[in-house]
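Q: Below: sequence and its predicted model.
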Amino acid sequence: MADSISNQNKILITGATGKLGFALFTRFSTINECIPLSYTNSTENGFNLDLTEELAVDRLFDQVQPDIIIHTAALTDVDFCEEYPEKAYSLNVLATKNIVKWISEKSETTKIIYISTDHIYSNEGLSAENDVNPINVYALTKLWGEDIVSGHDKHLIVRTNFFGLKINGIVNWVIESAKNNKEIFLFDDIYFNPLHLATLTDVLVELVEKDISGTYNLGSSGLGITKAEFIERVASAFNLSNKLFKHCNSTDVSFMKARRPKDMRMNISAIQKLLDYEIPDIESSILKMHLKRT
Ligand SMILES: NC(=O)c1ccc[n+]([C@@H]2O[C@H](COP(=O)([O-])OP(=O)(O)OC[C@H]3O[C@@H](n4cnc5c(N)ncnc54)[C@H](OP(=O)(O)O)[C@@H]3O)[C@@H](O)[C@H]2O)c1
C-alpha cells in the first residue's frame, strides 16, 4: 500500500468519540498525524467543538489547518431526528456546511471525506449509488450533507453501515439482551449488508492513501441479509440463547417513530472494481468478529 501521500497529511477526525470516529482515530493515528474532534466527550490531545457554530469552526480549523477532514459527526438516532428535525438539520446539514465553507474560503486543497449511510436507500434489491430514496428525516439530512460535500472538488463520500464487538451497536445489544433474558424483536422485513468495522477502517485507510474521490457504497459483499437473520447468526456464533427471540415485521411494533427503509442493501460493485479485490461477506465477518473478538 502506498504510504507516501498519507503519512505527511494532517487528518482531522470529527465525531472522534463516536463509534466509527473513535475506530478511525485509533487506526489512522498509527500512520498519520491525527487530530480528534468531539463535542461533549473529551479525547486525549483533542479538541471539543460545536460544529454547528460557524465562528468556532472557523477559529479551530484555522488553527489546525487540516489536509484531510474525515467528517463522521452526525445525529444518528433515527427516531430522535424524526422528532427534532431542526436538530438533525443542525448537525447533519449545517455543521457540514460550516466545514465545507471553511474549506472553500480558507483551504481549497483540503480534502473532505464524508461518512454517509445506507439509510438513504429504500428500494428492492441492491441499490447502486444513483438509486437514492430517502424516506425519513435522518436519511434526508444525511443526503443533504452529501450534496454540500459534493460541491467541493476534493471529496469522498462513503455510504456504509457497520457492526463490531467493541462498539455500542447491534451486536452488543443482542449479546447483552440475551444475557439479561430480555426479549428481542427480530425484524424479518428489513434487509441490509453492513460491514465489519475493522474492514471498514482498513478500506478507508486504503481510499485515503490512494486519494480516491467520488461517492461509493461500502458494505459487505453478497446479497445481504434481514436484520432477523443477522441477529440469529450473531447468536449462533456467540452461542447465545434464542428463547426470547420474537420474529416480527418492523411495522408490527409501536416504539419506532420514524419510517424505516425496508431494504438498505447496497450494491458494492463500484468500490470492488476500484479496489480490485472482494470485500468479505457478512457470514465470514461475523465469524471473524467472534474469533478475533473485534
Ligand atoms: N451507527 C451506525 O450504525 C451507522 C450506520 C451507517 C452510517 N453511519 C454514519 O457513520 C457516522 C458515524 O456514526 P456513529 O454511529 O459512529 O456516531 P455516534 O457514535 O452517534 O457519534 C456521534 C459523534 O458526533 C459528535 N457530535 C455530536 N454533536 C456534535 C456537535 N454539535 N459538534 C461536534 N460534534 C458533535 C459526538 O461527540 P460527543 O460524543 O463528544 O458528544 C460523537 O463523537 C455518521 O455520519 C453516521 O451517519 C452510522
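A: Looks like it arrived, so ask away. Numbering: from 1, shown residues only.
Q: Would you mind naming what in the stretch 101-250 of the chain lies close to the ligand?
A: 115, 117, 142, 160-162, 169 (Cβ under 6 Å from any ligand atom). Quick note: C-beta positions are derived from backbone N, CA and C, even for glycine.
Q: For residue 197, which non-adjacent residue is closest in space?
A: residue 164 (3.4 Å; Cβ to Cβ, 6 or more residues apart in numbering).
Q: what sits against the one you found?
A: 19, 23, 171, 196-198, 289, 294 (Cβ atoms under 8 Å, 6 or more residues apart in numbering).
Q: how near is it to residue 34?
A: Residue 164 sits 20 Å away from residue 34, going by Cβ to Cβ, to the nearest Å.
Q: Kindly report the same for residue 99.
A: 17 Å.
Q: Those two: who's more crowded?
A: Set side by side, residue 99 and residue 34 show more neighbours around residue 99, with 27 against 23, by other Cβ atoms under 10 Å.
Q: Contacts only, for the closest residue to the ligand within the stretch 151-294 of the chain.
A: The minimum distance from the stretch 151-294 of the chain to the ligand, using Cβ to the nearest ligand atom, falls at residue 161 (4.2 Å). For residue 161, the contacting residues are 117-119, 192-195, 219, 264, 266, by Cβ under 8 Å, 6+ apart.
Q: nearest residue to it other than its sequence neighbours?
A: In space, residue 161 is closest to residue 194, 4.0 Å off (Cβ to Cβ, 6+ apart).
Q: While we're on the one you found, how confident is the model there?
A: pLDDT for residue 194: 98.
Q: how about the strands in the stretch 51-200 of the chain?
A: 68-71, 111-117, 155-160, 162-163, 184-187, 191-192, 195-196 (DSSP state E, counting those that start in this stretch).
Q: Take the ones you listed and write them to a markdown table, including mean neighbour count.
A: Converted to a markdown table, these look like this (neighbours: other Cβ atoms under 10 Å):
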| stretch | mean neighbour count |
| --- | --- |
| strand 68-71 | 25 |
| strand 111-117 | 24 |
| strand 155-160 | 23 |
| strand 162-163 | 24 |
| strand 184-187 | 19 |
| strand 191-192 | 22 |
| strand 195-196 | 25 |
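Q: Contact partners for the residue of the stretch 1-150 of the chain found nearest the ligand?
A: Scanning the stretch 1-150 of the chain for the residue nearest the ligand gives residue 18, at 2.3 Å (criterion: Cβ to the nearest ligand atom). Residue 18 makes contacts with 38, 72-73, 76, as judged by Cβ under 8 Å, 6+ apart.
Q: so which strand or helix has residue 278?
A: Using DSSP states H and E, residue 278 maps to neither a helix nor a strand.
Q: how far away is it from residue 191?
A: Computed as Cβ to Cβ, the residue 278 to residue 191 distance reads 20 Å.
Q: Which residue, other than its chain neighbours, is closest to residue 151?
A: Closest residue to residue 151 apart from its sequence neighbours, by Cβ to Cβ, 6+ apart: residue 100 at 6.7 Å.
Q: Please list all residues in contact with the residue lying closest to residue 28 once chain neighbours are set aside.
A: In space, and not counting its chain neighbours, residue 28 is closest to residue 34: 4.9 Å by Cβ to Cβ, 6+ apart. With contact set as Cβ under 8 Å, 6+ apart, residue 34 has these partners: 10-13, 25, 28.
Q: Would you mark the buried spots in the one helix or strand residue 288 maps to?
A: Per DSSP H and E, residue 288 falls inside helix 282-292. Buried residues in helix 282-292, defined by neighbour count with 16 or more other Cβ atoms under 10 Å: 282, 285-286, 288-290.
Q: average model confidence for that helix?
A: Regarding helix 282-292, the rounded mean pLDDT is 94.
Q: which outside residues touch that helix?
A: Contact partners of helix 282-292, identified using Cβ under 8 Å, 6+ apart, comprise 163-165, 171, 193-196, 198-199, 220, 222, 224-225, 230, 233-234, 237-238, 280, 294.
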